[in-house]
Structures are given as structure tokens and as C-alpha cells.
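K.L.:
build me a model from this:
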Amino acid sequence: MHRSLRVPHTLVLLFAMMLAAWLATWLLPQGRFDTTETAEGRSLVVPGSYTPAPERVRLPPSALLTAVPRALAAAQDIVFFVLLVGGTVSVLRATGAIDAFLGWALRRAAGRPNRFIVAGMTAFAAGSSALGMAEEYIPVTAMVVALGTALGLAPVASVGVLMGGCAIGYGVAALNPFTVQIAQGIAELPPTSGLRFRLALFLPFIAIGAHHVWRHARRSPIVPDPPGPAETPNAAATYPTLDGRRRLVALIALATLLLMVGGIATAGWYLTELGALFLGLAMVAGAVGRLGADATARRFAEGAADLAPTALLIGFARSIALILEDGQVLHTVVHGLSQPLQHAGPHVAAVGMLLIQTVLNLFIPSGSGQAFVTMPIMTPLGDLLGLDRQVVVLAYQFGDGFSNLIVPTNIVLMSILGIAGVPYDRWVRFAFPLLLKLVAAGAVSLGVANVTGMGP
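P.N.:
Numbers count the residues shown, from 1 in each chain. Below is the predicted model of the structure:
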């Protein structure tokens, strides 16, 4: 008899990665690229400018500890946004509007989880593709998981709908202002050029993702923790009635989400404005739902407290890149990974760029940050290897987007897993095969793009 393997807590895994990053600062050559400032004040790496550091920086062991509070401070916008979202969802749940809406949606779904999978993944992918939505999906995690549970899907499959759509949307992004538009600007390409080719990829990649989730859902029926009356798949009648008051709360929540999308698209809203929006939603929902001021505050505090562990995960995840930056080896990693491509043909080089961008997303979880670090290097390299610059941008998109499925430095993923209660090791077993499918399809797409061109 052998004992089952126990996977360490996520915080332990992240701290192990921090330790590996710290060791890398002692073992790897230190250096950096020269940078220039854009008109917007952002730094661009100067290709061919990598030079060894004149003096070696030796981070003491205490850097492992000081990096966490520094990272929490640097990521305070997402940390507090997560807490505000947790409080707001708790207040909405207390009004009964969420459960009542789930009952209504369950009756409309009529036992067809396949529709939920396809429609949900398409919607989330469209938001990421067009607007770069990611953090904005954190508030709807609880609702997606609850609805999936009611339809017989395990939480890991429901998260697959949400994160699968988000990762695919980023990977084949049509207009994403945080990735494709930044990368095209650095590559000196017309804004939104290559749009038709990327739009043509959207549905095939959605089909790959939806098929993966559906196969898992069929093979792994849900095993609830014993379910409450509102969580059993066949208990639609036990949901609260969607009466006028709950309907109004649901409409207010929907209007808030629409206002959020509009603010992102037209006014440049980000986490500060979105956090304020959800705080206002909690206050209005508590008043309309007749919870009373004290009950609203109590439920808000309870919901925020439930997501405190998730906030800690965010700090640990951000600490990894912070240690690499402090130790002056982040640019060394980028420089070293780019060298083999100089000796490859164009097709192999395009796939190599995809793989390199996939690895780099572990260290640079910010899509825009990854674009500013890598595209000034990959663009002239693509020119030397005979690659269309659109192909170079597409390789960056695939690498940055698809790997968001599993990289633990992705704070959106870790937040959603925390809210859904899905252990990271279980998620990787589900998501890694999907990542392989998407990367393989991406490699084929890069070959087609390199041969045919991406057009306008």
C-alpha cells in the first residue's frame, strides 16, 4: 500500500518559485538592455543593447521576505479590488437575487450544459479579445460556478468555461488594447492590422476549448460537497422566486456590468474606478434588497474576509518577478531565450517565438509588460529571419494568452481559483492538456500566417 501524493498548498508552491528566482539571481549572469522612453512614458528595450551588469547584485535571503509586502503594495489595486468584489458578491447573495437568477437560468437551460459551455466561453473570449477583460471576470466567478453546479458541471469545468474563454480571447485577440495594440505599435504596424486573420481564428479556437470542457464534463460528473437545496442539479423549484425586488437587484447588477464595460471601452476605467463601481453596487443592492445598513455591512465584511487568502496569493505571485527584477536577471532570461532563434528557419523561428513567449509569461504575467520587454527584441529578429511582423505579433499573442491557463503568477487565475475553491493541482490536470491543444493549433496557425500572410 502506498500513500497518495499530497500536493503542497499554493502558497508553498509560490514560495518555492520565489526561492528558485532568488537562486537564479546568484547563479545566472546579471545584465540588462538599454531602454528608451516612449511619449507615454513607458520604457522600450533597445535591441542588441544587452550588457552585463558592471557590479553583481547579491540579494540577501531576507529579500525573500521583503519581496512579499513590497509586491502586495505594488499590486494593491488588484488586492483591494478582489476584496471589494468579494464583499459585493456576498451582499448580492444575501438579497437572494443571485440564487433567484440561477433558478430562472436553470429552467431556461433545461438540462443543456453544452449550451452553457459554448455560450459562456464565447462571451468571455469576446470580452477579452475586444476589450482585454480579465480582472473584470473575477466578480462573476461565483455565479458561473453556481450555475455550472446546477447544470451538473464540477467547479473545475465551470472555471474552464471562464478561464478558457479568457485565455483564448487573449490568444487570438482582435482589438485587445493591452496586448495586440501595444505589440503592433512597438512593431510599427498599423493599428488593428491583421484583424481579418485573427477574427478567422476565433471560432476554431473556441471550438477547441468548448470541446475540451465538454469532454471533461461528460467523463467527470459532479460530486457536490454535500449540496444545499439551491445547489442540486434537479432542484430548480427550490430556488428563491425571482420577484420584483430581486429582479430589480439583478437588473441593477446587470446595468453595473454594462457600465463597467462602457467605462473600460470609452473612459479608460481600470481597477480604481471598477472597485468604486462595485462598492456602490453593494450599497445600492443592500438598500433595494432591504437588508438594512448593519446587515449589508456585515455581509460585505464577511465576503471580503473570505477572499483574504486570495489576496495573499496575489502578493506571493507578484514577488517572483520582483525578485528577478531586483537581481538583474529578468533581462538575462529574455536575452538567453531569444538566442537560439537566430539559427532557425522562419517556420521553426515562429514556433520558437511562441514557446519562448509562453515561458516568459511565467516571469512577466502582465501582457503589456511582456510586450514592452520582448517585442523590441523579437521584431528585428523576425526581420532577420524573414518573418512578417504580423506573425511575430501573433506569436506573442499566442504565448502570452494561452499560457494564462496555468501560470501561477497570473493573479486573475489564482483569484478565480480561490473564489471557486478549485485546488491549483487539480486545475493543472484539467487545463494543461487544453494548453497543449491550443499551442499546437497556434503553431499550425503561425505556419499558415507565415505562408499566406495575414492581410489587412
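K.L.:
what stretches of the stretch 351-456 of the chain score poorly on pLDDT?
P.N.:
By pLDDT under 70, the weakly predicted segments of the stretch 351-456 of the chain are 455-456.
K.L.:
tell me where it has helices.
P.N.:
Along the stretch 351-456 of the chain, counting by DSSP state H, counting those that start in this stretch, helices occupy 367-385, 389-402, 411-420, 424-452.
K.L.:
between helix 424-452 and the third one, find me the angle.
P.N.:
With axes from the mean of the first three to the mean of the last three Cα atoms, to 10 degrees as the criterion, the two stretches helix 411-420 and helix 424-452 enclose an angle of 140 degrees.
K.L.:
dump helix 411-420 to PDB, keeping only the CA atoms.
P.N.:
Extracted in PDB, the C-alpha atoms of helix 411-420 (Å, rounded to 0.1, in the frame of the first residue of the first chain):
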ATOM      1  CA  ILE A 411      -3.200  36.800 -10.400                       C
ATOM      2  CA  VAL A 412      -6.500  36.600 -12.300                       C
ATOM      3  CA  LEU A 413      -6.300  32.800 -12.500                       C
ATOM      4  CA  MET A 414      -5.300  32.500  -8.800                       C
ATOM      5  CA  SER A 415      -8.100  34.800  -7.800                       C
ATOM      6  CA  ILE A 416     -10.700  32.900  -9.700                       C
ATOM      7  CA  LEU A 417      -9.400  29.500  -8.500                       C
ATOM      8  CA  GLY A 418      -9.600  30.900  -4.900                       C
ATOM      9  CA  ILE A 419     -13.100  32.100  -5.300                       C
ATOM     10  CA  ALA A 420     -14.200  28.800  -7.000                       C
END
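K.L.:
distance between it and the chain's centre?
P.N.:
Computed by Cα atoms, centre = their mean, to the nearest Å, the chain-centroid distance of helix 411-420 equals 9 Å.
K.L.:
mind listing what's buried along the helix or strand containing Gly262?
P.N.:
Assigned by DSSP states H and E, Gly262 belongs to helix 244-267. For helix 244-267, burial by neighbour count (16 or more other Cβ atoms under 10 Å) applies to 245-246, 248-250, 252-253, 256-257, 259-261, 264. C-beta: built from backbone N, CA, C; applies to glycine.
K.L.:
quick one: contacts of that helix?
P.N.:
Helix 244-267 is contacted from outside by 92, 95-97, 100-101, 127, 131-133, 136, 139-140, 240, 242, 269-270, 273-274, 277-278, 280-281, 284-285, 288-290, using Cβ atoms under 8 Å, 6 or more residues apart in numbering.
K.L.:
give the buried residues for the helix or strand harbouring Arg299.
P.N.:
Using DSSP H and E, Arg299 falls within helix 293-306. By neighbour count on 16+ other Cβ under 10 Å, the buried set for helix 293-306 is Thr296, Ala297, Arg299, Phe300, Gly303, Ala304, Asp306.
K.L.:
disregarding residues adjacent in the polypeptide, which is nearest to the fifth one?
P.N.:
Taking Cβ to Cβ, 6 or more residues apart in numbering, and ignoring the residues beside it in sequence, Gly303 has Ser90 as its nearest neighbour in space, at 2.5 Å.
K.L.:
distance of that neighbour relative to Phe300?
P.N.:
According to Cβ to Cβ, to the nearest Å, Ser90 stands 6 Å off from Phe300.
K.L.:
returning to that earlier point: the helix holding Gly262: what's the following helix or strand?
P.N.:
As assigned by DSSP H and E, the chain's next helix or strand after helix 244-267 is helix 271-288.
K.L.:
and the direction of that next one versus that of helix 293-306, what angle?
P.N.:
Using the same axes, to 10 degrees: helix 271-288 against helix 293-306 is 140 degrees.
K.L.:
only the buried residues of helix 271-288, if you could.
P.N.:
Leu271, Leu274, Gly275, Leu277, Phe278, Leu281, Ala282, Met283, Val284, Ala285, Gly286, Val288.
K.L.:
which element is Gly86 on?
P.N.:
Taking DSSP H and E as the definition, one finds Gly86 inside helix 76-95.
K.L.:
buried stuff in that helix?
P.N.:
Neighbour-count burial for helix 76-95 [16+ other Cβ under 10 Å]: 78-79, 81-95.
K.L.:
which other helices and strands contact it?
P.N.:
helix 97-109, helix 141-150, helix 244-267, helix 271-288, helix 293-306, helix 308-326, helix 411-420 (3 or more Cβ pairs under 8 Å, 6 or more residues apart in numbering; DSSP states H and E).
K.L.:
tell me how many other residues crowd Ser158.
P.N.:
For Ser158, the tally of surrounding residues (other Cβ atoms under 10 Å) stands at 28.
K.L.:
that older thread, of all the helices of the stretch 351-456 of the chain, which one is nearest Val159?
P.N.:
When those are compared by Cβ to Cβ, helix 411-420 sits nearest Val159, at 5.0 Å.
K.L.:
what comes up buried for the closest one?
P.N.:
Ile411, Val412, Leu413, Met414, Ser415, Ile416, Leu417, Gly418, Ile419, Ala420.
K.L.:
any chance of those in a markdown table, plus distance to Val161?
P.N.:
What follows is the buried residues of helix 411-420, written out as a markdown table (distance: Cβ to Cβ, whole Å):
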| residue | distance to Val161 |
| --- | --- |
| Ile411 | 20 |
| Val412 | 15 |
| Leu413 | 14 |
| Met414 | 18 |
| Ser415 | 16 |
| Ile416 | 11 |
| Leu417 | 14 |
| Gly418 | 17 |
| Ile419 | 14 |
| Ala420 | 11 |
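K.L.:
so Ala449 is in contact with Leu394, correct?
P.N.:
Yes. Under the criterion of Cβ atoms under 8 Å, Ala449 makes contact with Leu394 at 5.9 Å.
K.L.:
between the two, what contacts are shared?
P.N.:
Shared contacts of Ala449 and Leu394 (Cβ under 8 Å, 6+ apart): Phe197.
K.L.:
looking at the two, which is more packed in?
P.N.:
Neighbours per residue, other Cβ under 10 Å: of Ala449 and Leu394, the larger number sits with Leu394, 29 against 22.
K.L.:
and the next element down the chain from the helix or strand bottoming out on mean pLDDT in the chain?
P.N.:
Sorting the helices and strands of the chain by mean pLDDT, DSSP states H and E puts strand 43-45 at the bottom, at a mean of 63. Once strand 43-45 ends, the next helix or strand along the chain (criterion: DSSP H and E) is strand 51-52.
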